[in-house]
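*Asks:* got a predicted structure plus its sequence, pasted below:
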Amino acid sequence: MNAITKTTALILVVVVVIAVTGIVLYISTRPPTTTPTPTQTTTTPITTPTTTPTKTETTTTPATTLTTPLPGLVKITIGDVEVTVPREFADFVEKAKRGEVRVTIYFGHAFTPEERVGFLKAIDKFMNAYPGVEVKEIRYGGMNELQGQISAIAQIPPKDREQFIGSIPEVFTWAHDWIGWFADAGWIIPLDDIIGSQAYQGIYPHILATAMAAVTYRGKAYGLPYAGEAIALFVNTKLVSTPPKTYDEMKAVMEQYYNPSAGTYGVAIPGTSMYHINAWVTAYGGFFYDDTRKELGFTKPETAEGIKFFIANIYRYVNVLAGVDHTTQRNLFGEGKTPFYISGPWDVSYAVKTFGVSNFTVVQLPKIGDKVPKPFAGFRNLYITNMAIVGAKERQYAVALFILYIALDNDAIITLVNECGYVPVKNSVAEYVIQHSSENPLYPVIIGFYRQLVNAVPMPKDKNMQSVWGADTPLAIIWQTYANKLQETNSVDQAVEAAKSVVDQALQDAYNQVAPKIEK
Amino acid sequence: MASKNKLKILFPTHIALLLVLPSLILYVFFNTWPMVFSIGVALTNANRYNVSPDPAKIKGYEEAIACASLLKEMPEYREKASVLFDRLKIYFFNLSHALYRLNELINQSIDISKIPRDVIDELSYSTSQLYGLPGEVKKVFNCTELNYTTKEEIIPVVLLDKLDSLLSISGTIKDRLQYAQLFPEEVSISELRNLTSKAIAILSEIESGFSKLAVGYDEYMSETIERFRREKERLELRFIGIENFAKLFNDARFYNALYKTLLFVATSVPLKVALGVSLAVFYSSNLILGRKAIRAFLLVPWAMPFLLSALSWRIMFNPAGGPVAKILGLNMSTNEWHAFLVYNLFEAWLAYPFIMTVTQGALRGVPKDVIEASYIDGASIFYRFRRIILPLVSKPLMVATILTTGASLQVFLIPIVLNGAGPTGAICIPFIGCTSGPLNEMLLILGYNKVTSGTEGGEYGYAAAIYLVIVLIILAYVAVWFKISRRSRG
């Protein structure tokens, strides 16, 4: 009686498995324990607007004042910018300036060694100006590691997050395109939550508005931008003394240097993705995705026209068979095998090392008649993670102060421009660089990028963009066709025609692939 | 009968009960949890958005839904909403005033550089005010005061998105105008005209959306609730059954990856086995001076760190001037079969030392007198190899071949490191359809791309489904291996 058979043992095992699975499932799918019962309380009475607007479209009445300064708000000055902030924050800033508080915050980054040195100098300036705040860096090999950390910390109840102070940053820097996705997941917090949205009225006029819009998601700014990036035209001034202003001038130079048998080509480009060819698509009035209308532009005739122009007038001068990738193409330019290279500020240090700062320059992509090529613009943002709201309130104030300083203090930004070659997005610094262009040999390069940045289109940041980028795969057929035909016939003209003939179909395929994934 | 019953009895019940649970836990912990976890993930919609959201964010949406539902039912808030809209109209009025003023100037074809500073300032000021709009709504629909812990504003998502668009377009106009003060010739008036009309249109859409606060309160609240419901759903991991597998079996890229992987096994295995065996047999000859040293050198590929070898191969076969690529006329960047050939050569180079060593070991066991007898009998070199040496080394060689086949089946690093499994192009599979992707994408790489790629990455559920199929293929292969090894033992 007190022994079991093989069958019984088997049944027992199955029963235990089912029971354990059931318990696990029950625990994992249990609804939240409590939902607060709503109690009706009186809300703050609404202030009557100062004026009742009557819309007259052509009137020149000045803008209506919306806000009267609230008692809890005061103005502070960061750099040369007056910012309206909560009094408690302003008090903290004063204490930090006098060194009456001691707060340590952690700043995450994946800078290159050269960038890091420059950025640390800006951080030192901050710590000198506000000795009450110490900024310690947390270095990452790649930002995926940081992404893993901040997604993991989100799973831990806020009260248990304190033990991770020091190992996970409260503030980090990366391009603006993570904002939508990170904000949706609740991994980052808006700057508004700390200093209030009224602060932007002071900040807004001082920063490129497109940069501010780029770091804004659903009406809230998730940090502040401090530098911008867009691809522009690198010119080897040893080969071309006067940089081209029009496409025709550029074409003449490309024709002159294009001699595959001698290993020289007209231009080098580090890729053929939508990011790289967007400038010519926009020049013809086309687009890949318009996030303001949530509309795909793959099937617009202008988009096809732009790509066809790029194939017939830019791509034909590229050493395609060598491989259109960053290292190969950059080396072609570096070795003096092409007079032009179309890339972004991240290649400036390479060009400086290879040529010396006085032997190259950067200018805007030349106009095609009256058509202006507009590449994508990206912005470097300072993000605030969930870790900022852990522990004492001073910690989040210190984070906000650090962000305000790096984005608004002229001295800090000029340090970043001089040391890291960053393209400023603060208007006064950009003006300074333009006015002092002869004082620093790097400034003409920075100005070239700045001018391109202002004539660029901000890279869409909404979540649909992840799907839109996927269209690079169907579009690759264009570049594949070009390469195959060129290899087969050794004729650029035939390769151009072959590639042009598949553009419409590739765009249609791209549309078919992406359209079902677009969320309106 | 008694002995039969005795056989069935394993151990006393209480011991069984005590042991079942810990043994299951140990088994699950050490052996099956990755498998169980993968199967679980493959049956969900796991993606980059819902794998690890902040639970507070989900809770915030739940609270916001409850708050908006309550607001919808409270009559006093209808009145407050109407007053709120009147206040919001000031925001819209200010910006529309600035935009219409600018529009008028542009339509008069005024020189852009001469656009008065106050027009730019007015546009800048009224645009910056938009940042205060969500806060304005929050002041009225204050969920915290209603005891709901949420940071969300009671605004439909479509209006928030349009607000972002407006900030972006209006900001672009402001930047262009400011830039025109420095470089007027670089700013296009037609672009400014288009941007201004677009901004006016979006502003009017936003205004009409918020006008529901006054004239369509229920609709406004329903739209907001729907927004929170959708946002919450996006962050929640859901069981979707076999949807991932259905998608997989309709994905042309999967069939291409399966085809390329099996083809790679079919080509690389004979190549590396042939190379390894030939070298082993060749260097087994006493006639070769210093063969021991040469044999030792031949093991170099085995000893070298993989990435160092890969880098050397990549440089040698680099289409832009790689010496070997030049001599052989191969272009990995543009020709899928050239790349496939290089993968095979590299794999053979990496794996021949293993096959060679195994074969050498086996050859040592071949009795010399057998070889000598075959000499005396006048057997040709090929006859000797086929009929005498090969049968004698076949068993260990079979084991080595099986092991190396497993390696080929799981090929991953070679295509990734050499050319990212490229080139990219169209992939058409009969009865399934056409798509595009890396043409030399092997099965493991397909799963990897679905998880890590910047553009299509984060599809964890789908990638888990791909990997489960790979596991099934490997299991089938292992079954064949068992059968063969059992037969060879027999």
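*Replies:* That came through fine. These numbers come from a predicted model, not from an experiment.
*Asks:* what's the longest helix in chain B?
*Replies:* Of all segments of type helix in chain B, defined using DSSP state H, the longest is helix B:75-107.
*Asks:* tell me what it is packed against?
*Replies:* On a contact count with 3 or more CB pairs under 8 Å, 6 or more residues apart in numbering or on different chains; DSSP states H and E, helix B:75-107 meets helix B:117-129, helix B:133-140, helix B:157-182, helix B:189-210, helix B:212-215, helix B:217-234. For glycine as for every other residue, the C-beta is placed from the backbone atoms N, C-alpha and C.
*Asks:* any idea of the angle it forms with helix B:117-129?
*Replies:* Using axes from the mean of the first three to the mean of the last three CA atoms, to 10 degrees, one finds that helix B:75-107 and helix B:117-129 are set 150 degrees apart in direction.
*Asks:* just give me the neighbour total for B:P75.
*Replies:* As a burial measure, B:P75 scores 7 neighbours (other CB atoms under 10 Å in any protein chain shown).
*Asks:* kindly report the same for B:S109.
*Replies:* For B:S109, the tally of surrounding residues (other CB under 10 Å) stands at 9.
*Asks:* how about B:Y220: what's its closest non-neighbour residue?
*Replies:* B:K212 (4.0 Å; CB to CB, 6 or more residues apart in numbering or on different chains).
*Asks:* B:L70 versus the one you found, what's the distance?
*Replies:* Taking CB to CB, to the nearest Å as the criterion, B:K212 is separated from B:L70 by 18 Å.
*Asks:* now the helices and strands packed on helix B:75-107 as a markdown table including distance to B:L248?
*Replies:* What follows is those, written out as a markdown table (distance: least, CB to CB, whole Å):
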| stretch | distance to B:L248 |
| --- | --- |
| helix B:117-129 | 47 |
| helix B:133-140 | 42 |
| helix B:157-182 | 32 |
| helix B:189-210 | 40 |
| helix B:212-215 | 43 |
| helix B:217-234 | 22 |
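*Asks:* so of these, which one's packed in deepest?
*Replies:* Greatest average neighbour count among these goes to helix B:157-182 (a mean of 23), per mean count of other CB atoms under 10 Å in any protein chain shown.
*Asks:* just confirm yes or no for that helix near chain A.
*Replies:* Yes: using CB under 8 Å from any CB of the partner chain, a contact is recorded between helix B:157-182 and chain A, made by B:157-158, B:160-172, B:174-176, B:178-179, B:182.
*Asks:* let me see the mean pLDDT of that helix.
*Replies:* Taken as a whole, helix B:157-182 has a mean pLDDT of 91.
*Asks:* stretch A:118-128 now?
*Replies:* Mean predicted lDDT for stretch A:118-128 stands at 96.
*Asks:* list the buried residues in it.
*Replies:* Buried positions in stretch A:118-128, judged by neighbour count with 16 or more other CB atoms under 10 Å in any protein chain shown: A:118-123, A:125-126.
*Asks:* strands along the stretch 351-500 of chain A, start to end?
*Replies:* Listed in chain order, the strands found in the stretch 351-500 of chain A under DSSP state E, counting those that start in this stretch are A:360-363, A:376-384, A:457-458.
*Asks:* wait, I meant the stretch 1-150 of chain A
*Replies:* A:73-78, A:81-86, A:103-109, A:133-139.
*Asks:* any idea how far A:Y450 is from B:F183?
*Replies:* From B:F183 over to A:Y450 (counting by CB to CB), the distance is 10 Å.
*Asks:* for the chain, which residues score under the pLDDT cut-off?
*Replies:* All of this refers to chain A. Residues of chain A that meet the criterion pLDDT under 70 lie in A:1-7, A:9-10, A:13, A:17, A:20-71, A:520.
*Asks:* that was the other one, I meant chain B.
*Replies:* Applying pLDDT under 70 to the predicted model, the residue ranges of chain B that meet it are B:1-10, B:453-457, B:488-490.
*Asks:* where do the strands of it begin and end?
*Replies:* Assigned by DSSP state E, chain B shows strands spanning B:424-429, B:433-438.
*Asks:* who touches stretch A:300-313?
*Replies:* Taking contacts as CB atoms under 8 Å, 6 or more residues apart in numbering or on different chains, the residues outside stretch A:300-313 that touch it are A:247, A:251, A:277, A:280-288, A:297, A:368, A:478, A:482, A:496, A:499-500, A:503-504, A:507.
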